[in-house]
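J.: this one's structure only:
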């Protein structure tokens with residue numbers, strides 16, 4: 001079986017690591033071809049099982065450019081000879097349109113599109129032109145998969161998708177993998193000293209994650225606290241500059257991407273998010289499974305993801321001061337962090353284990369292909 005994955009980016013982020021996890025679970029009987037709309041953005045490949053057959057072609061038509069008919073035809077022709085096409089986010093939407101325009105003529109395989117959220121250009125509101133584009137392009141898709149209730153509402157309303165096409169599949173993780181305490185040197189180049197206190201986050205270093213906001217909020221904490229940001233991306237220097245301006249450059253660490261968060265996130269004493277836009281962030285699930293309290297803006301489904309014990313630390317979006325206060329209150333009370341962390345872990349184990357997610361994706365992909373089982 002041959003699957004074609006067309007990503008807006010295959011850099012190491014939540015949706016990419018979820019896609020890699022699904023590929024690993026589906027096993028070596030499925031061959032994968034992965035294309036990134038952003039040239040060279042293939043950081044998530046480190047999470048793939050070496051036993052898989054995975055191709056990263058250099059000659060696939062670019063997913064970026066004007067949606068002219070001949071360009072769309074070139075993309076459509078490149079989709080032939082696969083059994084299923086999987087597209088991800090706005091950066092792959094030209095491929096969805098190519099499938100819509102040329103799919104019937106060329107006899108293309110079925111297509112399932114995935115939407116996981118928005119970059120900074122739509123963090124403050126949806127663009128009407130993109131809403132219209134999605135309405136047109138998705139008309140031939142077998143399914144549109146979304147991970148959050150908010151995105152489900154957008155798909156049914158703003159994008160005018162029929163109810164049977166929209167599939168809400170909540171993100172899940174291997175919760176059992178987060179039970180064991182991690183080793184102090186689990187993060188390469190940044191061993192955790194005994195007695196150290198860490199605020200941590202997992203995020204791509206991109207503008208929509210607004211990590212300078214997290215640096216500013218963290219700067220109010222006592223000097224024994226350190227901030228550890230795990231991830232890679234173009235905003236590294238902007239974050240470092242904010243740390244220098246806030247006077248905490250010696251307490252802010254950017255050790256890079258960690259392929260297996262389950263081996264590192266438990267080193268944190270407190271988890272924080274600072275994004276302008278999220279939907280159903282996997283990093284929150286990872287923190288919960290590790291037994292951490294969470295401070296975050298109330299973006300996407302975040303407030304609904306955490307139990308009541310943690311909800312007062314989910315702050316109004318865009319309110320830097322409120323995020324700082326939430327961090328300060330949690331940092332000052334170890335017992336409070338422990339109680340909230342225990343409630344978070346219990347909820348993660350009860351509702352967010354990956355087994356249900358995997359079954360739902362397998363069912364959706366199988367239905368698109370007319371198969372009763374998948375792979």
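T.: Right, received. Where do you want to start? Since this is a predicted model, take the numbers as computed values, not measurements. Residues are numbered from 1 along each chain as shown.
J.: need the strands for this structure, in chain order.
T.: 2-7, 31-36, 53-55, 84-88, 111-114, 143-146, 166-168, 197-202, 225-230, 252-256, 270-272, 294-297, 314-315 (DSSP state E).
J.: what's the closest of those to residue 338?
T.: Residue 338 lies closest to strand 270-272 among these, at 11.0 Å (C-beta to C-beta). For glycine as for every other residue, the C-beta is placed from the backbone atoms N, C-alpha and C.
J.: And the strands of the chain: which comes nearest residue 244?
T.: Residue 244 lies closest to strand 252-256 among the strands of the chain, at 9.0 Å (C-beta to C-beta).
J.: If we ignore the residues flanking it in sequence, what's nearest residue 24?
T.: Excluding its sequence neighbours, the residue lying closest to residue 24 (C-beta to C-beta, 6 or more residues apart in numbering) is residue 49, at 4.5 Å.
J.: Please verify my assumption that the one you found contacts residue 25.
T.: No. Counting by C-beta atoms under 8 Å, residue 49 sits too far from residue 25 to count as a contact (9.2 Å).
J.: OK, contacts around the residue nearest to residue 24?
T.: Residue 49 is in contact with 23-24, 28, counting by C-beta atoms under 8 Å, 6 or more residues apart in numbering.
J.: so what's the backbone phi/psi at it?
T.: According to degrees, to the nearest 10, the main-chain angles of residue 49 amount to phi -70, psi 130.
J.: So it versus residue 258, what's the distance?
T.: Distance, residue 49 to residue 258, using C-beta to C-beta, to the nearest Å: 17 Å.
J.: right, and the strands of the chain - which one's nearest residue 236?
T.: strand 252-256 (6.0 Å).
J.: If you average the pLDDT over the closest one, what comes out?
T.: Averaging pLDDT along strand 252-256 gives 96.
J.: That strand versus strand 225-230: what angle between them?
T.: For strand 252-256 against strand 225-230, the angle by axes from the mean of the first three to the mean of the last three C-alpha atoms, to 10 degrees is 20 degrees.
J.: Strand 252-256 pairs with which strands, and in what direction?
T.: According to DSSP bridges, strand 252-256 forms sheet pairs with strand 225-230 (parallel).
J.: ok, now which ones touch the most centrally placed residue in the chain?
T.: What sits nearest the mean C-alpha location of the chain, by C-alpha atoms, centre = their mean, is residue 14, with 2.4 Å. Shown in contact with residue 14 (C-beta under 8 Å, 6+ apart): 116, 171, 281-283.
J.: now with 6 Å?
T.: Taking C-beta atoms under 6 Å, 6 or more residues apart in numbering, we find residue 14 in contact with residue 282.
J.: That one and residue 278: what is the separation?
T.: In terms of C-beta to C-beta, residue 14 sits 9 Å off from residue 278.
J.: gap between the residue nearest to the centre of the chain and residue 114?
T.: Going from residue 14 to residue 114 by C-beta to C-beta gives 12 Å.
J.: do the same with residue 99
T.: 14 Å.
J.: Those two - which one has more neighbours?
T.: residue 99 (28 against 24; other C-beta atoms under 10 Å).
J.: And the more buried one, what's its pLDDT?
T.: If you check residue 99, the pLDDT there is 98.
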